[in-house]
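In: how does the following fold in three dimensions:
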Amino acid sequence: MNDTTNEAEAVRLRALRAMSPTRRLTMAMGWSQSVRELSRAGLRRQFPDVTERELHRMLAERVLGADLAFKAYGPLMSHG
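Out: From the prediction side, this is the model:
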C-alpha cells in the first residue's frame, strides 16, 4: 500500500539526503523507540495482568524474534 505521490516521495528523499548522517540516525532511533512503545502498549492492552518482566519478555520476542528472545531471556510464559 502506498498513499504517497511520486512528487511527495521525491521531496521526502531530497530532505533525507540533505540531512547529516547523525541527524538521520537520530531520527531512525526515535522512530524505533516509538514503534517499541506502541508495541509495548499493545501488549499491555492485550495482556493487562502480566508482570513488567513478562511484558519485557513478550516485547523482546516481537523485537528480536522467538529464537533470539528465547536465548537471551528464556522461555515465554503462556498467557492465553
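
In: residues contacting the closest residue to residue 44 other than its chain neighbours?
Out: Spatial nearest neighbour of residue 44, chain neighbours left out: residue 55 (6.3 Å); criterion: Cβ to Cβ, 6 or more residues apart in numbering. Bear in mind the C-beta positions are built from the backbone N, C-alpha and C, glycine included. Contact analysis of residue 55 by Cβ atoms under 8 Å, 6 or more residues apart in numbering lists 40, 43-44, 47.

In: and residue 55, which of the three is it?
Out: helix (DSSP: H, G, I helix; E, B strand; the rest coil).

In: what segments of the chain are helices?
Out: Secondary structure of the chain (DSSP state H): helices at 6-18, 21-46, 52-64, 66-73.

In: how about CSV for the ones you listed, with mean pLDDT added?
Out: Output for those, formatted as CSV (pLDDT from 0 to 100):
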stretch, mean pLDDT
helix 6-18, 94
helix 21-46, 95
helix 52-64, 94
helix 66-73, 95
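
In: out of these, which one sits most buried?
Out: Of all those, helix 52-64 has the most neighbours on average by mean count of other Cβ atoms under 10 Å, namely a mean of 15.

In: with just CA atoms, put that helix into PDB.
Out: What follows is helix 52-64, C-alpha atoms only, in PDB (Å, rounded to 0.1, in the frame of the first residue of the first chain):
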ATOM      1  CA  GLU A  52       6.600  -6.000  33.900                       C
ATOM      2  CA  ARG A  53       9.200  -8.800  33.500                       C
ATOM      3  CA  GLU A  54       6.700 -10.800  31.400                       C
ATOM      4  CA  LEU A  55       5.800  -7.800  29.300                       C
ATOM      5  CA  HIS A  56       9.500  -7.100  28.700                       C
ATOM      6  CA  ARG A  57      10.000 -10.700  27.600                       C
ATOM      7  CA  MET A  58       7.000 -10.600  25.200                       C
ATOM      8  CA  LEU A  59       8.300  -7.300  23.700                       C
ATOM      9  CA  ALA A  60      11.700  -9.000  23.200                       C
ATOM     10  CA  GLU A  61      10.100 -11.700  21.200                       C
ATOM     11  CA  ARG A  62       8.500  -9.100  18.900                       C
ATOM     12  CA  VAL A  63      11.700  -7.200  18.500                       C
ATOM     13  CA  LEU A  64      14.300 -10.000  18.400                       C
END
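
In: perfect, that will be all.
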